[in-house]
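Asker: Structure of the sequence below:
(2 chains)
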Amino acid sequence: MGWCDDRATCQRARSVGLAVLSDPREPSTPRIAVWRKIKRLGAAQISDGLVALPADARTRERLEWIAEEVTEAGGSASIWIAQPATVSAERELATAMAQARAAEYAAISAEAVATAGATIVERQSLARRLRAELRRIHRRDYFPPVEREQADAAVAALATQTASASEATL
Amino acid sequence: MKWATRASIHIDRAACAWLIRRHIDPSAEFLFVTDPADLPAGAIGFDMRGVELSHHGGGCSFETILRRHDLDDPVLWKLAEIIHEADIDDERFDAPEAPGVDVVLRGLSMVCADNQILDLTGPMFDGLYEFFRRATLLGREPA
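Answerer: A predicted model of the protein is given here:
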């Protein structure tokens, strides 16, 4: 498992974008918005206020704007490009991210196959919702686990099945 | 006037440059810097941390420029929704065009220099503007 599968940018393999955040302690709207964005990005949380992402232009830019949002809300934040000191530390971080995605994919697969008793219309709307959810997970999937293909296949099967069923009723 | 932004531009910076040239400063000259600390004297910075024309209140720089320059054209605000979603992707707006625009700009950044991207995306934003201008007038999607 490497930090980078794009050969052209592999000199930067293994670098991690770290955001050190210290936001206003009391639960507040900006605080919730910031953590929701970090979650959407698929960052791994290393400790309180310290999150990590594989470093590339896009993740770095996203983290920088999140940092800006924290600063605007009266907290403090900074971005660091770091290198794990050991291969095992790197692997641990990548594994944690892959496991988090794997759980999300497994939930999608489970929903896609649990359609007994659902009408065609319900299955169609489920297929649409799961496709959208899958796209969101793909965007934060840096170390694709095997569950990814399974979820893709389960949603594709559901979509095909509802498409052919609706054609048959036309 | 000189305008400066971070190098390796993406959707928000490309759209801001288009907006600046079309609606604020027709003779705008764009500079690209790698570090916000290198902002040249006399240049107006945009879409970089620490400058006024940047992300604010969870909005992208394009939205900030519209606000700061009192541009209230609804068509520009429609484009702002697409740029916001392509840039920030937080589902604040329903902009199904955003993922497509995002991929186009990310692809261009792999094969083009920043100035070239501005040249190429100028007509693209003109076209998007015209499409949504007609859609606004018609109240439905134009042909």
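Asker: buried ones in the helix or strand bottoming out on mean pLDDT in chain A?
Answerer: Taking mean pLDDT, DSSP states H and E as the measure, chain A has strand A:16-22 as its least confident helix or strand, at a mean of 77. For strand A:16-22, burial by neighbour count (16 or more other CB atoms under 10 Å in any protein chain shown) applies to A:V16, A:G17, A:L18, A:A19, A:V20, A:L21. For the C-beta atoms, the positions are set from N, CA and C on the backbone; glycine is no exception.
Asker: Touching, the third one and A:P54? I think so.
Answerer: So the one you mean is A:L18. No. Taking contacts as CB atoms under 8 Å, A:L18 lies outside contact range of A:P54: 11.1 Å.
Asker: what's the pLDDT at residue 94?
Answerer: As the question left the chain open, I've gone with chain A. A:A94 is assigned a predicted lDDT (pLDDT) of 93.
Asker: Not quite, go with chain B.
Answerer: 95.
Asker: Equivalent analysis for A:G42, please.
Answerer: 94.
Asker: Next, work out how far apart the residue nearest to it when sequence neighbours are not counted and A:A98 are.
Answerer: Counting by CB to CB, 6 or more residues apart in numbering or on different chains, A:G42 lies nearest to A:R140, which is 2.7 Å off, once chain neighbours are set aside. Distance, A:R140 to A:A98, by CB to CB, to the nearest Å: 11 Å.
Asker: Just want to know which of those two has more residues nearby.
Answerer: A:A98 (20 against 17; other CB atoms under 10 Å in any protein chain shown).
Asker: Isn't the more buried one up against A:F143?
Answerer: Yes. The criterion here is CB under 8 Å, and A:A98 meets it with A:F143 at 4.2 Å.
Asker: contacting residues around residue 51?
Answerer: Using chain A here. Applying CB atoms under 8 Å, 6 or more residues apart in numbering or on different chains to A:V51 gives the contacts A:L18, A:A19, A:L21, A:I38, A:A43, A:A44, A:Q45.
Asker: actually it's chain B I care about, not the one you picked
Answerer: B:V51 touches B:P36, B:L39, B:I44, B:G45, counting by CB under 8 Å, 6+ apart.
Asker: Let's see that with 10 Å instead.
Answerer: Applying CB atoms under 10 Å, 6 or more residues apart in numbering or on different chains to B:V51 gives the contacts B:A4, B:T5, B:P36, B:L39, B:I44, B:G45, B:S61, B:T64.
Asker: With secondary structure and neighbour count added, can I get those residues in CSV?
Answerer: Shown next, in CSV, are the contacts of B:V51 (DSSP: H, G, I helix; E, B strand; the rest coil; neighbours: other CB atoms under 10 Å in any protein chain shown):
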residue, secondary structure, neighbour count
B:A4, strand, 22
B:T5, strand, 28
B:P36, helix, 16
B:L39, coil, 18
B:I44, strand, 17
B:G45, strand, 20
B:S61, helix, 26
B:T64, helix, 22
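Asker: before we move on, the earlier item: among the contacts of A:V51, which one lies nearest to chain B?
Answerer: Distance ranking of the contacts of A:V51 against chain B, using CB to the nearest CB, places A:I38 first at 11.5 Å.
Asker: Much appreciated, bye for now.
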